Each structure stands twice: as C-alpha cells, then as structure tokens.
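K.L.:
Fold the stuff below for me.
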Amino acid sequence: MPALSPTMTEGNIASWRVKEGDSFVAGDVLLEIETDKAQMDVEAQDDGILAKIIQGDGSKAVQVGTRIAVTAEPGDDLASLEIPTEDTSASPKKEAPKEQPRQESATAPKSEGSGSSSKPAFSSGAPKASAGKARKQTYPLYPSVQHLMKEAGLPKEEADKIPATGPNGRLLKGDVLAYIGKIQESYASEVAERLKKLSHLDLSNIKVAAPKEKAPAKATPEVKEAPAAIEEPPVELALSISLKAVYDCQKRVQESIGVFLPVSTFIARATELANDNLPRSQVLKPSADELFNAVLGLDKVAGKSSRGSFVPHVTALPPISLRATPAPKKSDILDLLVGKKPATAKSSPLSSTPKVIGPVNELSISVPKGDERRGRVFLERMKIMLEAEPGRLVV
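P.N.:
This is a model prediction of the structure:
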C-alpha cells in the first residue's frame, strides 16, 4: 500500500483497474485507493505484468507498506513464478510506539472521566526525539492540528511540549502524529528539510550561454518600391435649375397661412428626399451590415439601392434674356434679275423687347470617380422636386 500523502497511515482499495495476468506499461492506472480525505489513482512506475492480487476490491483499512499485489517483469512466465513470502519483521517495530500508550492508558485509573474509555489516552511525558524544538504556541493552531489533538485526547497545553518543525516554530500535523507514535519521529523533520531544499532554486550549474555568431548578411536584390497609388480627384457635376416655382409656392404659403418659408428650407427638404434609395455606390467598400446581408442572401431581396449623403451647392446665375428677331425674307429671283433691291423687314416694337426667363440657379455636387450615375440621379430628383413639385416640400 503506497503512502499517497505525508500523513497517510492506511487506505481502502476501491477497485483494481488491471486484472491478474494483464500487462501494463508505465503511466497506466493500476488501482483506485480511498482515504479519509480523497480518492486517488495509483499509476505504474515501470512496465510489467500483474501476477497476483493479494488485497482485492473493497479491502478496508489496509496499512501503508502492506503487500497488496505481486508484479512480474515483462516476458516472465507466470506459471513457473514463485511468489515470495511477505517480510513481516518490520511490522512489530512500527507498531511498538502504538502499544506503549495503550499500556499506559490501561494503568490509568478508570475514574478520570466518562469519556476516557472511548478515546485512547497518550502519554505526555518525555517527548519523542525529533529535529524540532518544543516552543510555546502563542497563535492559533492549524485546524488539522487542533482536530488531531482533540481525537488523540491531548489538551491544548500539550502543544507547547511537542517539538515543532514548521516555519517560525509552528506546530504541524506531522509533529503531532510523530509525538503520539503514529509515524516515525524523524519523518516530520525529513519532510521539512526536503521542502526547505526544494524551496530554493539551485543555480550553481547554470552557465551564461555564448553569444551566437551573426550570420553574414545575404545580398538581396534591390526591390523597387511600387509607385504610390494616385488618388483621382472627384468629379464635379452641375445642373441648371429654375426656382420660379419655389418662389411662387413661397408666396402662396405666405398669403394663405402667413408663414414665410425660406428657399433654404425647400432645398434642404428636397436634398433629404433625393438622397433616399439612390443606386448603390460603385466606389465605397460594402459595410459590415451589407456583407452580412450578402451572406444570408438578403441583398437580392433588399435591392441594389442605398442612401446617399450628397449636399448640393447652389449658385445663382444671371438671368437669360432672349430678343425675338424676325426671320429674313426670301429674295425673289426675278427681282434680282431686274435689279430691284429686296425690301428690308421692319422691326415691330414688340419684337425689340427682350424676353427674360425666370431666376436660374445651378446645383453642383462632387462625386468620386465612377459614381457619376449616382450623382446625376440625385441632381435630376432635385430638379423635378424644385421645378415641378415644390408643394411636396411644404407638408
């Protein structure tokens, strides 16, 4: 039975994972052992064969060091294998410290207390030989130490007489077990010394590595840098538009309800409507929502349109005047042969009056190269709403 913890004295065999006659390799789980604290697996340290199981499944209170099975080397013949007898000469020595407190408890008077018969009383006389020294415990003891002393029937004052091997003279559970004879006296000090050695990292064998020689740089051919991409300037689109219908609508609104709407309000509302459902841009990269819709196939359902962000620039143009000129009178061939001069057309006073077209403005926007169609659609919508349907912009 292996000792799976420093304080383990016995354990229960829950189940064997390997049967008699089965082979195993290092790292295989041989059996499961249960203690009062946990259930752990026991792994094989070397390759071998399980020759015989001595302590089967469900064995209880198997002492540490007791033979529980016999293993053989790989390739051994189990039929001719002789199982050696278990050496029990060491068992009385281990149990000798346990017999002493029993004898002392038997000689103690029975009238010391009603509960003294159920718990073994251990001697608090001469302390066991240990590497630690007995010190006065001025701070609270570890819970494991308090529990073990309570089970052993030791008073709290006895903790000052137990040799302590813990840090700063603290009493450990192993010190109490060694004091009452559950484990060897030197076990606690050996574990403390081993932990002390492992707590310091040995750097005596570490040497500074020699610097690596730099490999000669290989001649690499010169890589010509690619010329930087030249950004193409945006394209300016313009469209002439008459605001006569807007002025007429503005006048009607003011006369009917007494509210004056500036021309900028008409242009802002027309811009908001004209930017809606424009053809999709051919220059801008698709957004995350558009890519997600394309993966789901929703781009075909939604159509190839998107909202624009054009802001037109309005420029006033001088009014255009048209003067009506009479058409030239055709000359007769006979008058030319006779030498008669053709009569000049007289200008009427009405024809000399110039005809003035209403206020003309120019709408212009800047679009990226390749999005000219998207910009023209926007300007055409603006022209239709401001010239033909300005009443829509009032509501």
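K.L.:
Do you have the strands of the stretch 101-250 of the chain handy? List them.
P.N.:
Taking DSSP state E, counting those that start in this stretch as the test, the strands found in the stretch 101-250 of the chain are 133-134, 163-164, 235-242.
K.L.:
which helices and strands sit right next to the second one?
P.N.:
Put plainly, it is strand 163-164. strand 133-134, helix 173-180 (3 or more Cβ pairs under 8 Å, 6 or more residues apart in numbering; DSSP states H and E). Every C-beta, even on glycine, is put in place using the N, C-alpha and C of the backbone.
K.L.:
which stretch in these has the least confidence?
P.N.:
The stretch with the lowest mean pLDDT among the helices and strands packed on strand 163-164 is strand 133-134, at a mean of 76.
K.L.:
Out of the strands of the stretch 101-250 of the chain, indicate the one that is most buried.
P.N.:
Ranked by mean neighbour count, the strands of the stretch 101-250 of the chain are led by strand 163-164 with a mean of 22 (mean count of other Cβ atoms under 10 Å).
K.L.:
Can you redo the helices and strands packed on strand 163-164 as a markdown table, where the extra columns are distance to residue 248?
P.N.:
As requested, those are exported to a markdown table (distance: least, Cβ to Cβ, whole Å):
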| stretch | distance to residue 248 |
| --- | --- |
| strand 133-134 | 113 |
| helix 173-180 | 103 |
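K.L.:
Tell me which of those is the most buried.
P.N.:
Highest mean neighbour count of those: helix 173-180, a mean of 25 (counted as mean count of other Cβ under 10 Å).
K.L.:
follow-up on the earlier one: could you dump the strands of the stretch 101-250 of the chain to CSV with distance to residue 386?
P.N.:
Formatted as CSV, the strands of the stretch 101-250 of the chain follow (distance: least, Cβ to Cβ, whole Å):
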stretch, distance to residue 386
strand 133-134, 104
strand 163-164, 99
strand 235-242, 6
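K.L.:
Go ahead and flag the most central residue of the chain.
P.N.:
The chain has residue 288 as the residue nearest its centroid, 21.4 Å off, counting by Cα atoms, centre = their mean.
K.L.:
From residue 275, how far off is that one?
P.N.:
Separation of residue 288 from residue 275 (Cβ to Cβ, to the nearest Å) stands at 21 Å.
K.L.:
and if you look at residue 22?
P.N.:
81 Å.
K.L.:
beta partners for the closest residue in space to residue 170 that isn't next to it in sequence?
P.N.:
Distances taken as Cβ to Cβ, 6 or more residues apart in numbering put residue 164 closest to residue 170, at 6.0 Å, once the chain neighbours are dropped. Taking DSSP bridges as the rule, residue 164 bridges to residue 133.
K.L.:
pretty sure residue 164 contacts residue 172?
P.N.:
Yes. The criterion here is Cβ atoms under 8 Å, and residue 164 meets it with residue 172 at 7.0 Å.
K.L.:
Next one: the residue nearest to residue 170 from residue 8, what distance?
P.N.:
21 Å.
K.L.:
now do residue 80
P.N.:
Residue 80 is 36 Å from residue 8, where distance means Cβ to Cβ.
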